[in-house]
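> this is the structure alone, sequence omitted:
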C-alpha cells in the first residue's frame, strides 16, 4: 500500500514545530522515528494533511542526568536508550524492556516520544513510564507542562496530549540502589507486540517488600498500576500465600480487553502467569549494577 | 555443490518482476470487495478524473477483450463452480475479489483513485464456516445456487463395513485444519505489454508455470499462444501459490490489450494475504480398524473441504482433497478403505494447490490414528508402525486408495531415524524432564508423498497441464554447453540440477554449462514447477539429451581423429583416448570446427552440435516417495505456547543430484509445516470478515522460534527411470504438521488430554490442561 | 517520475558513496526511491508495514527498514545498499558464506538478511546461534527455514576472525563510532 498524499515540513526549532502544530492541530502528524506512523500511512489508516519532521531539532534528543532525574529527549532512538550507560544506571527497567521492543532495524529509528505518544496498549515503554512514575514534558504554543505518566495514557491509542502538543522530553526519577526491577512479556515470536506483559519495580527491605509498583500492558486499553496486587505485596514477605493473594487481587485490578484471537480470559490468565514469573525473580531482580 | 545463481542473488542482482521496467509502463491498483458477499454498482467518475489516472476499468470494459471462464473437470463431474471474470460484475463473492481496476502513472496515484471509486456496496448474507455451509437453511455463496455443495464423492475399496464391524480395535478422531496461505516473500506480480500492431503480448510474471499461464492467457484473450510470450525471471518464492490463473493477473493482461500500453501490477502484502490462494481448510472425521494382532485393517474417512467462492481454475480446488484421500494410510499395508468427500463453496478466497497439496492432512489424520491405536494397545508407537509398514518385498503394490507403491523404504527410514534421534537417550531425557514437571512430547510422522505427476494426473480430466518437459542442449564454439529447458526456477535449484545432470551426461564441469529457463519463447511447452517434478522429469530429459549430445560429439571427434567413437570418452571437457587416457581434443576444438571450419570434416558427416529430448513418464502417474519425521516439543505450562525444540527428517527421494540443495528444500518445507501446526491460520470474524490481514495478524515462523533440523537420507532409486530421481520439494511440509501434532499430544497424554485442531492454539492447550479459568461474563 | 500534482521536494544525500541531488515525491518510501528512482533494485519490498525485513538498507551506519523511512528523510544521510561497490568485510564474508552453505533459495530475503547479519557481526564477532537467530528474528524467510542462514552467519563470523582487519569501507556499521554519537547530546 502506498500512503495518501501529504505535505512535509522540517521545522528547525521546537518553537517552529509548535507553531505548525498550533496552526494544523489534528490535521498534522509528528514524524519522529516513523516506525509506527509510516505503517499507518502505508495502510492508509492515518491520512494527515501534513507531516512535521522533528528529527534534528536541537533540544529534542540526548540523554542526561540532571540531579536526581534522568532526562531523555523525546527524539531519542530506542537503541540509544537501550545502550546508554546513564539509563542502565538510573532506570534499568527501560533496558530490560527495550530488549523486547521490535527488532534492531526498528530500534535504530523508533523514538521514546513516538512510542509514548502512540500509546499502543501492547507497547512496552508506556508501561515502563507508568511503573517508573515518569513525567512527560509536553510543549505547545501555550508553554510547557508536566504530565505524570499515570495520567498520560487514557485509552487505546489515546493520550492526554492536546492535538497541538508535542512531547519534548521524558523525566525519570533516577532510581537508587534499593530498587529491583523485572520485566516479562508473552509473545508468539520474538519482537512481536506482546499479548501481555508486566513491568515491576520492587524495593526490598530485609525480608519484606517495602514498596512495589506493578504495571501490566497488553491486557487493558492503557497501562496502569495494579494497586490491589501492590497493596497485597507491600509490607509482606514473598511467601506462596502472599503471591497467590496478589495474583487473585488482579481480578479487581484488571478488566482485560477482547482483541484478536486472545480472549479476555486468556489475557487475565497471562497476568497471573506473568506476575508469578517476575515475583520469582525477586528480591534479586535487576538493579542495573552488573 | 552451491548454486551458481546464488552469486547474483547475494549481490542484490536478482531480477524479480518489480525490478523489470518497460518504458511507458503504467501501474495498476484494484478496488477489491471489502465484504465476503455483496452487490455493487461502480461509479468511477471521480476516480477517472484524478490527475495521473489513465483509465478506470470494470467488468464491462474487460468483457471486450477477455472471455469469462469456468472451472470444469472430467475428474469432478457435476462440480458446481460458477463462471468467473477478471473483474466481478455486479456481485462480489469473496472479500478481496477484484471489482475495478485503476490504471495510472504510479501505484500511489492508482491507490488514490481507488479510494475515490463509489461502489454502492450492499452486503449479502455470507457463508463463512464449513459447518454452517451445509445446513439446509444456509445462504448460498452465490445467489441462485441450490446449495453450497460443489462436489461430493465416495470411495470404497475392499469391505470396510465388515472390517470395522469385526475389528478388535477401532480408534477415531475428528481433526480440524484451519485455512492457511503461502506468504511468498515476493508478492504476486505481472508486467504485461501488448503490442497492438502485431497482436502480441509480452508478460513478465512471478509464476511457476510459464507455458501454462501462456496458454490460458492466449485462450482468455483470444490470442495465439505463439503471440504470447511469458518470461519468469527470478521468482521470490512460489510454493504453489503462483501456479494459478488469478483474476487480477488476467485483468492486468486484458487491460494492456485494451490500452496497448505496458501495465504493471505488484500485489501488496495486504491484497496478497486476502487474494492469494488459500489452502488446507478441512474438517476430517476418521477411523482406523485394527485386528487383535495390531495390524491395520482399514481406514474410514469423512472429509469436508472448504473451497472458497470458486473452484480454482483450471485444476480445481478439490484436487487438494483428492490428493489427501490418495495419501491416507500411505506407509501402511491394509486392505479396506472408505472415504466420503464433500467440497463446500464459501464466501472466502479460493482454495488452491499449496506445498504438499492435501498430503499434510492425510499424514496428520493417519499418524494421529496410529498413535491412538498404539496407545490403546499400550504399545510403543514405533513398534506399531514397524509392524504395519508396507514391506519393501511386497512392492509394487496398489493401495486401497488406488495408488501404486513402488521403491519405498519405510522400515529403513524408521531404523535410520531411530539412530538419528538416539531414541533411547532421547526417551530418557524426556522422562527426566517430565519428572521435573516439564511438559514435553515426542511425535512421529511417517508419510508417503506423491510427486512428479504424470499425464494421467490431469489429462483424463480434460485439464491442459503438461507433464512432459524438454531439454535442448548445444555445444558452443567456446567448448561450453548451453541448454534451454521447460522447467521453472523458483529458488528450488532446478537450474543448477539440470546443469549438473547435463555436465555428468556429457562429460564437462557443471560451471561450463549454462541453462536458460522460464521463457516460453525459448523452449517447447512444458510443465514448469509443481508436484516436485524438476529432477524426476526435467532431470530425466536432461540426462537423455546430454547423452544424445555426447554420442553426437563423440561421432564428430571420431571423424576428426579418424578413430571409432567408442574408443573415445569425454572427461572434464576434453576428448580422451579410452585405452590410454591420452588427451586428444577439446570440446572447443569440435565446437569451432563444426561452426567455423566444417570443411575439415569428412563429407557426409552432418555434424550435430544440438540435441533434444522430451521426457514424460509412462509408469506410475503419481511417483511415490517416503520418509519419516520426528518432533520434540515443549509446552509452556503457564502460557500454553508450544515450541519445537528439535526436529528430524529421514527421507527417501531416490537419487539425489545435489544433496546440499535437497536438504535445504526439506528444511524449508519443515518450517512451513511447523507454521501450519503452530501459528498460521486465516481467521475470520463472526461476520465473515478476514482478520488475518497483515503480517502482524497472520503469523509466519521467524528465526528465533525455529529449531535446527537434522536430516538423513535413504536412497532407493526409482526403478522406472534412468536417473532414478524422485521429488523432494514438498516432503518437509508433508510430515511436519503431523509430527508436531503427535508430539503435542504425546506431551499432553500424561495429563489425560489432547488437542485436535491445527494450528495448535495456546488457549486450546490451556483448556486441554484444564488450567484456563473462563467465566461466561468475560 | 512524473508530477501529476504530486508534492515533491529536493534532497541531497550519498548513496553507495556517490553524491545524489534529486527531487523525490514526498510520500515515496526510501526503498521505493532507491529501487525506482535510482534503479537499485537489490533491496526488496515484502510488506510495507515493517515486519518482513526484505527492505533493509544501511543509513548512517545503522540498519533500517527502507519501507519505514521516507525518501525525504534521507536528506544529508549516507545510504548504503547491498549493491555497494565496496562492501564491508562482513558483507563480503556473508556473501561467500551464504553461497557456500546454500543459504539462498529464492533470494528475495537475502539482501536484507545479509545487511542485518553484517550489522551483528560488526558489534559481535562471535555470536552464538541463539544470538544470530534473535538478531535475524525480524527478517522473514519462507524458503530456507533459517537454519542454513544461521550456519552461514556462523561460518562468516569464523572466517572474519581469521581475516586481517580490513578497511571497513562504506558499508560497515561501526559500533564504536555509534556509541560515541549516542552519548553526546544533540
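That came through, no problem. Keep in mind the model is a prediction, meaning the values are calculated, not measured.
> and the worst-scoring helix or strand of chain B on mean pLDDT, how far out from the chain middle?
In chain B, the helix or strand scored least confidently by mean pLDDT, DSSP states H and E is helix B:130-133, which has a mean of 88. A distance of 27 Å separates the C-alpha centroid of helix B:130-133 from that of its chain, computed with C-alpha atoms, centre = their mean, to the nearest Å.
> contacts for it?
With C-beta atoms under 8 Å, 6 or more residues apart in numbering or on different chains as the test, helix B:130-133 has contacts from B:127, B:138, B:141, B:148, B:281, B:283, B:304, B:305, B:306, B:344, B:345, B:346. For the C-beta atoms, the positions are set from N, CA and C on the backbone; glycine is no exception.
> please redo it, this time with the cut-off set to 7 Å
Contacts to helix B:130-133, defined as C-beta atoms under 7 Å, 6 or more residues apart in numbering or on different chains, come from residues B:127, B:138, B:148, B:281, B:283, B:304, B:306, B:344, B:346.
> how about the residues you listed, which pair is most distant?
The largest separation in the contacts of helix B:130-133, counting by C-beta to C-beta, is between B:138 and B:281 at 16.4 Å.
> looking at the two, which has the bigger crowd around it?
Summary of the neighbour comparison: residue B:138 and residue B:281, criterion other C-beta atoms under 10 Å in any protein chain shown, with residue B:281 having more neighbours (26 against 16).
> surely the more buried one touches residue B:308?
No: with contact taken as C-beta atoms under 7 Å, residue B:281 and residue B:308 are classed as non-touching, separated by 8.3 Å.
> shared neighbours of the two, anything?
With contacts defined as C-beta under 7 Å, 6+ apart, the residues shared by residue B:281 and residue B:308 are residue B:351.
> measure the closest residue to chain C within the stretch 151-290 of chain A to residue C:131 for me?
When C-beta to the nearest C-beta is the measure, the stretch 151-290 of chain A has its nearest residue to chain C at residue A:190, with 4.2 Å between them. From residue A:190 over to residue C:131 the distance is 12 Å, taken as C-beta to C-beta, to the nearest Å.
> those two: who's more crowded?
Set side by side, residue A:190 and residue C:131 give different neighbour counts by other C-beta under 10 Å, the larger being at residue A:190 (19 against 14).
> which residue, other than its chain neighbours, is closest to the closest residue to chain C within chain A?
Using C-beta to the nearest C-beta, the closest approach of chain A to chain C is made by residue A:103 at 2.8 Å. Leaving aside its chain neighbours, residue A:103 sits nearest to residue C:138 (2.8 Å; criterion: C-beta to C-beta, 6 or more residues apart in numbering or on different chains).
> how many other residues sit next to the one you found?
Counted with other C-beta under 10 Å, the burial measure for residue C:138 works out to 27 neighbours.
> that one against residue A:105, yeah?
Yes: in this structure, residue C:138 is within contact of residue A:105 by C-beta under 7 Å, at 6.3 Å.
> quick one: common contacting residues for the two?
residue C:53.
> and the host helix or strand of residue B:218, what does it pack against?
If you go by DSSP states H and E, residue B:218 is part of helix B:210-220. Contact here means 3 or more C-beta pairs under 7 Å, 6 or more residues apart in numbering or on different chains; DSSP states H and E; on that basis helix B:210-220 packs against strand B:200-205, strand B:228-231, helix B:247-259.
> and chain C, which of its residues are near chain A?
Proximity of chain C to chain A, by C-beta under 7 Å from any C-beta of the partner chain, involves residues C:6-7, C:9, C:26-27, C:48-50, C:53, C:56, C:62-65, C:68-69, C:72-73, C:116, C:119, C:134-135, C:137-138, C:179, C:182, C:185-186.
> so for the longest helix seen in chain C, mean pLDDT?
Among the elements of chain C assigned as helix by DSSP state H, the one spanning the most residues is helix C:147-162. The predicted model gives helix C:147-162 an average pLDDT of 97.
> from residue B:490, how far off is residue B:184?
Between residue B:184 and residue B:490 the computed distance is 9 Å (C-beta to C-beta).
> who has more neighbours out of these two?
In terms of neighbours (other C-beta under 10 Å), residue B:490 is the more surrounded of residue B:184 and residue B:490; the figures are 31 against 26.
> count the neighbours of the residue nearest to the more buried one when sequence neighbours are not counted for me.
Sequence neighbours aside, residue B:238 is the residue nearest to residue B:490 in space, at 4.1 Å (criterion: C-beta to C-beta, 6+ apart). If you count neighbours by other C-beta under 10 Å, residue B:238 ends up with 30.
> just residue B:206 next, same as before
Other residues close to residue B:206 by other C-beta under 10 Å number 29.
> what sits against the residue of chain C found nearest chain A?
Chain A sits closest to residue C:138 of chain C, with a gap of 2.8 Å, by C-beta to the nearest C-beta. Under the criterion of C-beta under 7 Å, 6+ apart, the contact partners of residue C:138 comprise A:103, A:104, A:105, A:191, C:53.
> hmm, the first one is touching residue C:137, no?
Yes: the pair residue A:103 and residue C:137 passes the contact test of C-beta under 7 Å, sitting 6.3 Å apart.
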